[in-house]
Every structure is written in C-alpha cells, then in structure tokens.
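1. Dropping the sequence and predicted coords here.
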Amino acid sequence: MIDSQTFDLRGAHYAIGQTLGRHTARFEPPHWWPPPPDLAFARECAAIVAELHAPLLDELRGYADAQGLAFDELLRGICRRSMKLRRRAPAHPEGGCSSYARIDTDGHVRVGRNYDFYPFQRVRQRIRLAPDLGRPSLGMRGSVPGGRYDGVNDAGLFIALHVVLANEPAQIRPGLPFHLLPRLVLETCANTRQAVDLLTHVPHLNPFNYLIADPSGALAVVEAHPERVRLREPERKGVLAATNHFEHPEMRGFQRGRKLEHSRRRLEALHAGRPLSDCASGLCGHSGGHTTLWSVQADLTARTIAYAAGPPCETAYVGVPWPGAAAG
Ligand SMILES: [Zn+2]
C-alpha cells in the first residue's frame, strides 16, 4: 500500500512527531538498506543534529513514543551509513532524480524536480509544517522519520536532494544522514547563502547533490561526499540543474567506473530547457529505479507551488498552499 497522506501540522516538535508516528506504519529501516550502525555511532550523529537544531530530535522522540519504538533504535535506523542496496540488484541505487532552478525572462525564479525511485518505496507523504521553533515549510518525506527529500520554506528557499553514484569511504565517520539535511535547511535557513554555509560545513554521511534556490535568484548545487564538499554555481547565467553525478572537477574522482550516461543525459536535457514531463530524455521515468514517484514545480517569486503524485507526463499538478500562509 502506498502511503501518500498529506499533513498540515503546527505546534511543538514532540507533538508533531507523535502525530506523524501515529498515522504512519511502524518504522523499520527499509529492507533495501544495509544494517544500521551501533548505538554509539548513532548518538554521535544525533549530537551533530542537536548542535544545529535540537527540536528535530524532539520530533523523533515523539515519533518513537507514538510507535512504541525505543528512541535509540529509531536513531540507529535513521543513521544510514551507506547508499549500497542489499537484497536487490543493482548493488547501488540507479538514482533518477532531476532538478532545475532558473531565473526566467520575467524575472521570476522557478524551480522543479522529479523524484525517481523504485515503486517499492511506500511512504511518500507531503508535509506542511509550522513548528513552534523553526521556519514553516512544505515538503516530501520518504521512508525515514524527520526527513525531507525536497521542499520550500516561508522565505521561498527551495532545496532538493539527489543520490550520487559514488565510491564510499573505507572508514565511515559520524555525520548527518542525507534525508535530515533538507529538513535542517528548511527549518533553520532563510536564503541560499545560509543553506550553502550549512551544507558546506557539516560532516556528511552520504554522497548527495543538493540543489538550492531562493527568490533573490541565488542558485547553487552543493556536491557532498563524506570526504569532500564542493559548491557548483550556474555556468550559464540564471540556470542550474542537478541529477545523480558530481560535475565539479574535484569531485569526479569519487565516481570512477560508474555508469553515468542516464544522469548526464538528464542534466543536458534540463540545461536545454526540456520540461520535467519529457520521457524521451529520461527526465520523466516509468521503469525500475527510474520511476517518477512525484514531481514538484514552484515559482519562488510568486510564492506558488504544485505537486504531481506521479510521472508528470500523465499526472496533473495540484497547487498546495505556500508554507506559513493560512491554509486555504
Ligand atoms: Zn513520462
């Protein structure tokens, strides 16, 4: 059963976590994840979260309590150390996410993104949040409590993540799991500069690209690997895109030997202005790990955002109230 519930919640983080926990199937690390780390490792990761935004841990506590899970077990479950898949071929996720940000001729900053993965990912919840502590936001959550895969906040700051097909370090040190980073950015940052500052200073657990944009037209992609983080800015004025590989010359070495054709083709299509509904380029995906599970498009200047709950070539976008504004 696909869980595509939508939530519109406000209040204390603990209570928000309780509500989400009560309405969601009991959390288990997805079967395609590698085994969780030991508790000491997970606690070190949690300490990094606490330094940045401690209320997020309260939400996880509320979530665990509502589901009758030990908080420590939940912590271990969310601190995913490796992107390697188990019990499934291929050994690594293919990755099919595609995002763009651009400043259009009318001066508006527009962004869009397709989230692609295997259809066996059940949880695809859209959460509109106005917490007591932190900025209001709207975004999509996957299997993991507390995380966001993309979203926008009340300041018009947009962020989307993309797994990168990269070699992982031999020794894995504590850091922030990928899914918590967009959430931390949405709740604690007001603009692209602050988001870049956060993402380039924290220790990362997983190789990912983060596309960021704000209404001032500041666009950035943070290319993050546990061993190095680099910033990519628009080559051509006013357009930036991200898919599932590193572009920065100092990052390319991490993906030696990987097949990057699909990811490169999608990046080229976005730079050429192809829409997210373009199936021929692979932007809009219909099979395996390249199935578009949802799509989002937003005008950060006009403060409008719309989601499609499937491949955008055949699924209509539906507008959702901007975060922080009274729900309509
Ligand atoms: Zn399509």
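-> Sure, I can see it.

2. need the residues of the stretch 201-328 of the chain near the ion, please.
-> 279, 284, 311, 313 (CB under 5 Å from the ion). C-beta: built from backbone N, CA, C; applies to glycine.

3. quick one: which of those residues is most hemmed in?
-> Of all those, Cys284 has the most neighbours under the rule other CB atoms under 10 Å, reaching 27 neighbours.

4. Ile78 touches Phe178, doesn't it?
-> No: between Ile78 and Phe178 there is no contact under CB atoms under 8 Å: 10.3 Å.

5. Next, the buried residues of the lengthiest helix in the chain.
-> Secondary structure assigned by DSSP state H gives helix 39-53 as the longest helix of the chain. Neighbour-count burial for helix 39-53, counted by 16 or more other CB atoms under 10 Å, picks out 41-43, 45-46, 48-49, 52-53.

6. Adding pLDDT and distance to Gly62, write those residues out as CSV.
-> Listed next are the buried residues of helix 39-53 as CSV, based on pLDDT from 0 to 100; distance: CB to CB, whole Å:
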residue, pLDDT, distance to Gly62
Phe41, 96, 23
Ala42, 96, 18
Arg43, 97, 18
Cys45, 97, 19
Ala46, 97, 15
Ile48, 97, 20
Val49, 97, 15
Leu52, 97, 19
His53, 98, 15
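
7. who's in contact with Gln297?
-> Residues in contact with Gln297 (CB atoms under 8 Å, 6 or more residues apart in numbering) are 110-112, 276, 305-306, 317.

8. Kindly recompute the last result at 6 Å.
-> 112, 306 (CB atoms under 6 Å, 6 or more residues apart in numbering).

9. What helix or strand is the closest residue to Val296 other than its chain neighbours located in?
-> Nearest residue to Val296, sequence neighbours excluded (CB to CB, 6 or more residues apart in numbering): Tyr307, at 5.0 Å. Assessed by DSSP states H and E, Tyr307 sits inside strand 304-308.

10. Nearest to the ion: which residue in the stretch 51-200 of the chain?
-> Asn114 (9.3 Å; CB to the ion).

11. Repeat that for the stretch 151-300 of the chain.
-> Residue nearest to the ion within the stretch 151-300 of the chain: Cys284 (3.2 Å; CB to the ion).

12. Fine, thanks again, bye for now.
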